[in-house]
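In: What follows is a predicted structure for the sequence shown.
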Amino acid sequence: MARQRFRRRYYRHFSEFRRDLGVLMRERSRIKVLRSGELIDRAFQERLMLAVTEVNGCRYCAFVHAKMALSAGLAQADVDALAEGSLEGSPPEQVPALLYAQHWAETDTQPDPVARQRIIETYGLEKTEAVELSLRMSRIGNLLGNTSDYLLYRASFGRWAGG
């Protein structure tokens with residue numbers, strides 16, 4: 001069997017993980033507010049997390065967030081669409097944030113400043129920051145799951161089928 005390339009995003013350096021974790025540590029109080037659903041409801045949060053997870057390709061997070069999304073009231077068809085990178089079935093008022101979530105993940109947390117400004121103009125700074133905090137939380141889970149898979153891949157000398 002030929003060696004296959006590991007295609008999912010993962011933490012390549014401990015400093016990347018430390019940076020992401022540092023953001024969460026600084027934002028602990030805002031995470032509590034976010035989890036309360038005051039700024040963005042649970043269904044919206046799960047849509048955002050599914051959008052990031054689809055870009056990053058974490059199989060563990062895809063499973064967990066699909067279950068959480070269903071519990072938050074999303075229909076199976078909506079979960080399936082988001083898992084494929086489609087926004088079909090998403091509420092129109094959430095589509096700009098979901099597109100931003102995909103862009104944010106694709107650019108490795110470095111979105112185009114113009115795109116970010118448009119999101120601020122659409123949702124306001126406080127809600128945009130809540131969206132970005134949801135994205136960061138999802139990224140950490142995704143990259144930790146993928147890093148675990150990458151280590152399995154390396155231990156199998158690139159012959160592991162899960163990569």
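Out: Noted; the coordinates are in hand.

In: quick one: the strands in this structure?
Out: Assigned strands in the chain: none (criterion: DSSP state E).

In: quick one: least confident helix or strand in it?
Out: Scoring the helices and strands of the chain by mean pLDDT, DSSP states H and E places helix 28-36 at the bottom, with a mean of 89.

In: OK, contacts around Gln76?
Out: Leu70 (Cβ atoms under 8 Å, 6 or more residues apart in numbering). C-beta: built from backbone N, CA, C; applies to glycine.

In: From Arg136, how far out is it?
Out: Distance of Gln76 to Arg136, computed by Cβ to Cβ, to the nearest Å: 27 Å.

In: what do you get for Lys127?
Out: For Lys127, the distance to Arg136 - Cβ to Cβ - is 15 Å.

In: Any figure for the gap between the residue minimising distance to the centre of the chain and Gln4?
Out: For the chain, the residue sitting closest to the mean C-alpha position, by Cα atoms, centre = their mean, is Val52 at 2.8 Å. Remark: distance between Val52 and Gln4 (Cβ to Cβ) = 24 Å.

In: name the helices or strands packed onto the top helix by length along the chain?
Out: Longest helix in the chain, counting residues (DSSP state H): helix 125-155. If contacts are counted by 3 or more Cβ pairs under 8 Å, 6 or more residues apart in numbering; DSSP states H and E, helix 125-155 sits against helix 14-26, helix 28-36, helix 42-56, helix 59-71, helix 95-106, helix 113-123.

In: list the buried ones in the shortest one?
Out: When burial is assessed from 16 or more other Cβ atoms under 10 Å, helix 28-36 yields the following buried residues: Ile31, Leu34.

In: do the same with the fifth one
Out: Residues of helix 95-106 classed as buried under the neighbour-count rule (16+ other Cβ under 10 Å) are Pro96, Ala97, Leu98, Leu99, Tyr100, Ala101, Gln102, His103, Trp104, Ala105.

In: Now do the phi/psi pair for Gly89.
Out: phi 90, psi -10 (degrees, to the nearest 10).
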